[in-house]
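> what's the 3D shape of this:
(one chain, ligands or ions: 1)
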Amino acid sequence: MTTFVARKGWVAGPRAMIVAVALLLGGCGGAVDRICHGAATGGKQFVSAVPLGAAVRWQHVKDSPAYGRFFLDHYQWMTPENELKMDALEPERGRFDFQTADAMVNWALAHGKHVHGHVLIWDSQLPNWLASSRPLDRASALRIMGTYIRTVLRHFRGRIGEWDVVNEAFQSDGSYKHNLWYKALGPDYIGDAFAIARATDPHVRLCYNDDGIELPGPHADAALALVKALRVRDLIDCVGFETHVSPPGPPQGAMAAELRRFAATGVDVLISELDVRLTRHESLDAQAKTYADVARACRSVRKCVRITTWGFTDASSWLGSAARGLPFNALCQPKPAWRALTTALATTTTTPR
Ligand code: XIL
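As a prediction, the model looks like this:
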């Protein structure tokens, strides 16, 4: 259980209104330097049954101290949204650039937060030198993968205690994605990546992360089979359920059953990238219900250790602000979704500080 501060006093001041207008006129790109400016002050204690995390963009923290402060006030875990991906860390072959990632990770740690590392091996957001290379032969693929995992894990040793080692390895029909790693190494690329990570730093918790495994089906079955195989070799500690959904979203009972099915292998499970995309016709209340269902599903499973949303304000979401997918609106005011989330997770509420 973790104690953290939930804000109150959400009334938008005039400055916030200016930001709102700017956001509406400029889209989410134009006014990001003011994100969360003028948002809530004051606070009350909220004890969450499950720690909360959020994806964070470092550029926003630099441009808008209010955005960073808002994150620090509401969340215990940070997942850098893009800053730990391969295109960011190894922009040229053999040249690693940790400047941004270090600043971001150190900032979070200095404020008492934990960092979830996302992601070591994936087929997206690869550096150009790799994405545009000729098909890799086995030896080169292993060398590139090994150097990358070892260099990154060693660099963050003692600072990042948990990493997504492999992300999104399957298609929705449960077959392996034939990505660059698969083409060179076959399905073993996954076990190889985990084995290298384990050997490099046995203290780091190693996760598999995937989208579309919140409900039973061929995709979840394939991921579960993978997790079991890795578990036998003691190579995996956690599974992230991305949970990019739209209302009504996964029914609470069905999702809890799915979380339990994975947890039964011995791993921890976490909701790793939650957002709830809305179309024009869907209401914020419908969204809130989906947030509550996911939160209750996680809370009901002992080994569900965290809920991380993919961002926190609609002003900065990979879905775009029109999707309104996150618990705080573009002014960083709480939506029904935030109240639903915190209600579903609250153990006690005490008086304002
Ligand atoms: C997304 C980021 O949010 C975007 O900013 C970026 O342009 C593309 O990647 N699954 C994942 C995340 O595992 O890394 C993705 O993040 C969203 C889907």
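> spell out which parts of the protein neighbour the ligand.
Within the chain, the positions near the ligand by Cβ under 6 Å from any ligand atom are 81-82, 167, 211, 242, 273, 318. In this view, the C-beta of every residue, glycine as well, is placed from N, C-alpha and C.
> quick check: strands, which of the residues you listed are part of them?
Here DSSP state E is the test, and those give 167, 273 as lying in strands.
> out of the residues of the chain next to the ligand, which are buried?
81-82, 167, 211, 242, 273 (16 or more other Cβ atoms under 10 Å).
> dump the residues you listed to a markdown table, plus pLDDT.
Compiled in a markdown table, those are given as follows (pLDDT from 0 to 100):
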| residue | pLDDT |
| --- | --- |
| E81 | 98 |
| N82 | 98 |
| N167 | 98 |
| D211 | 98 |
| E242 | 98 |
| E273 | 98 |
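> these: which two are farthest apart?
N82 and D211 (16.3 Å; Cβ to Cβ).
> which single residue in the stretch 101-250 of the chain comes nearest to the ligand?
Here the stretch 101-250 of the chain gets closest to the ligand at one residue, N167, 5.1 Å apart by Cβ to the nearest ligand atom.
> surely that residue meets V119?
Yes - contact criterion Cβ atoms under 8 Å: N167 and V119 qualify, at 4.3 Å.
> shared neighbours of those two, which are they?
Residues touching both N167 and V119 (Cβ atoms under 8 Å, 6 or more residues apart in numbering) are N209.
> distance check, T265 against R154.
Computed as Cβ to Cβ, to the nearest Å, the T265 to R154 distance reads 28 Å.
> more neighbours: which of those two?
Taking other Cβ atoms under 10 Å, T265 and R154 do not tie; T265 has more neighbours (17 against 10).
> do you know the pLDDT at the nearest residue to the more buried one once chain neighbours are set aside?
Using Cβ to Cβ, 6 or more residues apart in numbering and skipping the chain neighbours, the partner closest in space to T265 is R231 (4.9 Å). Note for R231: predicted pLDDT of 98.
> mind listing what's buried along the helix or strand hosting R231?
Using DSSP states H and E, R231 sits within helix 218-232. Buried positions in helix 218-232, judged by neighbour count with 16+ other Cβ under 10 Å: 219-220, 222-224, 226-227, 229-230.
> same for that helix, what does it pack against?
helix 188-200, strand 205-210, helix 252-263 (3 or more Cβ pairs under 8 Å, 6 or more residues apart in numbering; DSSP states H and E).
> deepest-packed of the ones you listed, please.
Among these, strand 205-210 has the highest mean neighbour count (mean count of other Cβ atoms under 10 Å), at a mean of 24.
> quick one: contacts of that one?
Residues contacting strand 205-210 (Cβ under 8 Å, 6+ apart): 118-119, 161-170, 190, 194, 197-198, 219, 223, 226-227, 230, 235-242, 268, 270, 272-273.
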